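Participant: Return atomic coordinates for the entry below.
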Amino acid sequence: MFCETGFHAVSVDAILEEAGVARITLYKNFGSKEELIVATLKREDRMFRQWLVSAVEAQSDHSQDRILGLFDALHDRFASEGYYGCAFIRASVEYPAPGHPVRRAAREHKEMIRSYLKLVTPGGGSPDKLCGEHS
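Facilitator: Residues are numbered from 1 along each chain as shown. Below you'll find the predicted structure:
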């Protein structure tokens, strides 16, 4: 819902209806809508990181092939049905304050992407190191 509509545009009532839970359950588990957003971004980060490493590593063990594989994998993902854009960029736009927890979660994801780009370049190291970062 957040990716399709936007973080601010999705109401707590819409979240409750979609999840089929009571308001008290949401707040007992997350404390606030923003804590739910941060948890969602962290989950998306873990899933994206695992997907990215496996998609790129399936291409080749050679740095040059991994770089090309990275772009091929991202192209396929962005072109897939149901892709609504980058949740992390959207979070950065909707929560511009640098110290905001949502913005920090988005920044950590983008830092992970930069780290991965360094890893897939020649002499950059082993991409499987990435799966353990920022958990």
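Participant: CA only for contacts and neighbour counts going forward, please
Facilitator: Will do.
Participant: longest single helix anywhere in this structure?
Facilitator: Longest helix in the chain by number of residues (criterion: DSSP state H): helix 33-57.
Participant: For stretch 66-86, give me every contacting residue.
Facilitator: 3-4, 52, 55-57, 59-60, 120-121 (Cα atoms under 8 Å, 6 or more residues apart in numbering).
Participant: related to what we said a few turns ago, which parts of the helix or strand that comes right after the longest helix of the chain are buried?
Facilitator: Counting by DSSP states H and E, the next helix or strand C-terminal to helix 33-57 is helix 63-79. Buried positions in helix 63-79, judged by neighbour count with 16 or more other Cα atoms under 10 Å: 63, 66-67, 69-70, 73.
Participant: Now distance to Lys33 and pLDDT too, for those residues, in CSV please.
Facilitator: Putting these into CSV (distance: Cα to Cα, whole Å; pLDDT from 0 to 100) gives the following:
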residue, distance to Lys33, pLDDT
Ser63, 41, 69
Arg66, 38, 80
Ile67, 37, 82
Gly69, 37, 83
Leu70, 33, 85
Ala73, 32, 88
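Participant: can you tell me which two in the residues you listed are farthest apart?
Facilitator: Ser63 and Ala73 (14.9 Å; Cα to Cα).
Participant: Nearest the middle, which residue of the chain would you pick?
Facilitator: Note on the chain: the residue nearest the mean C-alpha position is Asp45, at 3.4 Å, using Cα atoms, centre = their mean.
Participant: hang on, it packs against His109?
Facilitator: Yes - contact criterion Cα atoms under 8 Å: Asp45 and His109 qualify, at 6.1 Å.
Participant: Show me where this protein dips below the pLDDT cut-off.
Facilitator: For the chain, the stretches flagged by pLDDT under 70 are 60, 63, 123-135.
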